[in-house]
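*Asks:* following is a predicted model, sequence given first.
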Protein chains: 4
Amino acid sequence: METGAFIEYYERNSCSSQWLEFNRGMALELSAGLPPEDLRQLFFRVGQRFAQALPNPPCATLDELQEQFNARWNGIHWGFTVLSEDAEGVAIAHACSPIAAAFGPATTNWSVGFFEGVYQAWFDAQHMPAELRVQALQPDAEAGPRIDLRLKKALP
Amino acid sequence: METGAFIEYYERNSCSSQWLEFNRGMALELSAGLPPEDLRQLFFRVGQRFAQALPNPPCATLDELQEQFNARWNGIHWGFTVLSEDAEGVAIAHACSPIAAAFGPATTNWSVGFFEGVYQAWFDAQHMPAELRVQALQPDAEAGPRIDLRLKKALP
Amino acid sequence: METGAFIEYYERNSCSSQWLEFNRGMALELSAGLPPEDLRQLFFRVGQRFAQALPNPPCATLDELQEQFNARWNGIHWGFTVLSEDAEGVAIAHACSPIAAAFGPATTNWSVGFFEGVYQAWFDAQHMPAELRVQALQPDAEAGPRIDLRLKKALP
Amino acid sequence: METGAFIEYYERNSCSSQWLEFNRGMALELSAGLPPEDLRQLFFRVGQRFAQALPNPPCATLDELQEQFNARWNGIHWGFTVLSEDAEGVAIAHACSPIAAAFGPATTNWSVGFFEGVYQAWFDAQHMPAELRVQALQPDAEAGPRIDLRLKKALP
């Protein structure tokens, strides 16, 4: 029994059974009716609403912000985030979320809009410069149950 | 402390915290973008998908059917149903579902489409005459955490 | 469909399915091995540990205390409490807890020790006079999913 | 972010928050009152009760048995098991259970009695030769969230 088997089990069971088939059905209907770019924008706006419903107190450092974000996520079993600063901006690694289990692996390219919306709204509420944009990176098939995003200056 | 206080507590907490704010945000976005009749049809189709994902074995009586339906609902904490036959068709009373808590009380007029879709697909799969239609009744504000639907002949 | 049917459904499903059969088995084994009075004391001490793990900030009024208690209970789906002061002390009404579902209705006379332990430790931590004792009242079969306790001066 | 971080997160959150602090308190009280060997026997008997409450249909092969065991475990979020036969008996690897999170890592030497009781009762109900005994192996600190047991002939 390998490490991969543990992660596969945990990830497959990460979405509350109350909403699993509902969410799967919703994903299929939304996919049938709207192009991926529209779905990504819908999920972005849902993410913004989510962020407004679960606000953070003002934070002075990136470490504090990470702690507050994780308090929000942890209380509702949505995994955890690791923030790290570099020359270009802030790398956001969000692990162990139920989103792939909930909507199905084929939806990752638009369901990720939810996290873009949440983190954008949470960073905006901390009074970041308005030109900073949160954007998901291309999914990395080897990354395990992890979504990578970046906060950086939007291209003009 | 009155009976109503117990029910209010239970109903308010009936939606998994993992999906409460997500669902609330989704309901707000969907409401902002589509008229109620379209939302009801979307939820109807989501209900059909849900029903296909959680099928019932063939049943010979209404009692058996009720038992099977409740095995599906109970496994995922979606309340329970009581079926009763009368001259006009079958009355379906679905109690204690998380749907009002999940999407908000203002959405009842379209979120009920989900139950119409589920029961329609489940009855269809039992080879009911094709002209039978499941339709939600007007919500009864005094009914408590209960949704009433009817299976009956569609008007021509 | 009557109000009682809603409450019965909700109460029967109030214990997490992960621990339902484990807890039922534990209750049977404990009952087979120890007299009720010892079990009540065991549950009292478990309640004290629980209270220490989930402490409240200092509160100035009974209303604040009720709010803090409910923040603790609500976060883990253990129902809610209503505190009210009268000539003899404080009446504590705890509703909608999963304890009867978890351990079985026959255990109420000793499982209630858990709540005595929790509330005793929580009131002690608020620097109440040391002679005040929390004690469960005789269960009232008509009370619904509710346990009544009192904080009052212990008999000398 | 390493694979280990995913597993650590998942394992830490594997016990329902409703019972986490209750179980932790119970483990502390039981440890304070009884020696490990008695606790292991108590948990063995709780496991037997659990197995009787969640019985399996008769199975003809080890693969069928594994499938049935996993249907029981999966329905209540207790992880999964892999059974494999060898010259000496049957190796049972149970992964991703909430038991270490629930009772604390220090309790593994006696809480494992629960799994001994469950598997013993489940194998007995399949009419195995009476001299076969389920016994946990020494915990392997490198094994991750996994408990290893063996079904083999008891020493005379």
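*Replies:* Ah, there it is.
*Asks:* what parts of chain A come near chain D?
*Replies:* Contacts of chain A with chain D, taken as C-beta under 8 Å from any C-beta of the partner chain, map to A:1, A:3, A:5-7, A:9-10, A:13-14, A:74, A:77, A:79-80, A:82, A:93, A:95-96, A:144-146. Placement of C-beta: from N, CA and C, glycine included.
*Asks:* in strands, which of those residues fall?
*Replies:* Taking DSSP state E, the ones among those that sit in strands are A:80, A:82, A:93, A:95, A:146.
*Asks:* do you know how far the spatially most central residue of chain A is from residue A:24?
*Replies:* Residue closest to the mean C-alpha point of chain A, counted by C-alpha atoms, centre = their mean, is residue A:115 at 2.8 Å. For residue A:115, the distance to residue A:24 equals 19 Å [C-beta to C-beta, to the nearest Å].
*Asks:* just residue A:114 next, same as before
*Replies:* In terms of C-beta to C-beta, residue A:114 sits 16 Å off from residue A:24.
*Asks:* of the two, which one has the most company?
*Replies:* Neighbours per residue (other C-beta atoms under 10 Å in any protein chain shown) separate residue A:114 from residue A:24, with residue A:114 holding more: 26 against 20.
*Asks:* can you confirm that one is in a strand?
*Replies:* No - secondary structure of residue A:114 (DSSP: H, G, I helix; E, B strand; the rest coil): helix, not part of a strand.
*Asks:* ok, it - contacts?
*Replies:* A:43, A:44, A:46, A:47, A:50, A:99, B:22 (C-beta atoms under 8 Å, 6 or more residues apart in numbering or on different chains).
*Asks:* got those residues as CSV, with neighbour count columns?
*Replies:* Output for the contacts of residue A:114, formatted as CSV (neighbours: other C-beta atoms under 10 Å in any protein chain shown):
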residue, neighbour count
A:43, 28
A:44, 21
A:46, 25
A:47, 25
A:50, 26
A:99, 23
B:22, 26
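*Asks:* out of those, which sit inside helices?
*Replies:* Counting by DSSP state H, the part of the contacts of residue A:114 found in helices is A:43, A:44, A:46, A:47, A:50, A:99, B:22.
*Asks:* ok, the closest residue to the first one other than its chain neighbours - contacts?
*Replies:* So that's residue A:43. Closest residue in space to residue A:43, ignoring its immediate chain neighbours: residue A:113 at 3.6 Å, by C-beta to C-beta, 6 or more residues apart in numbering or on different chains. Applying C-beta under 8 Å, 6+ apart to residue A:113 gives the contacts A:39, A:40, A:41, A:42, A:43, A:44, A:47, A:136.
*Asks:* out of those residues, who's nearest residue A:122?
*Replies:* residue A:47 (9.4 Å; C-beta to C-beta).
*Asks:* where does chain A have low pLDDT?
*Replies:* For chain A, the stretches flagged by pLDDT under 70 are A:155-156.
*Asks:* residues of it that sit close to chain C?
*Replies:* When proximity is defined as C-beta under 8 Å from any C-beta, chain A approaches chain C at residue A:75.
*Asks:* residue of chain A nearest chain C, please.
*Replies:* Taking C-beta to the nearest C-beta, chain C has its nearest neighbour within chain A at residue A:75, 7.5 Å off.
*Asks:* isn't that residue right up against residue B:18?
*Replies:* No - with contact defined as C-beta atoms under 8 Å, residue A:75 and residue B:18 do not form a contacting pair (9.8 Å).
*Asks:* between the two, who's got more neighbours?
*Replies:* Using other C-beta under 10 Å, the more surrounded residue of residue A:75 and residue B:18 is residue B:18, with 19 against 13.
*Asks:* about what we covered before: now the two most distant members of the contacts of residue A:113.
*Replies:* A:42 and A:136 (15.0 Å).
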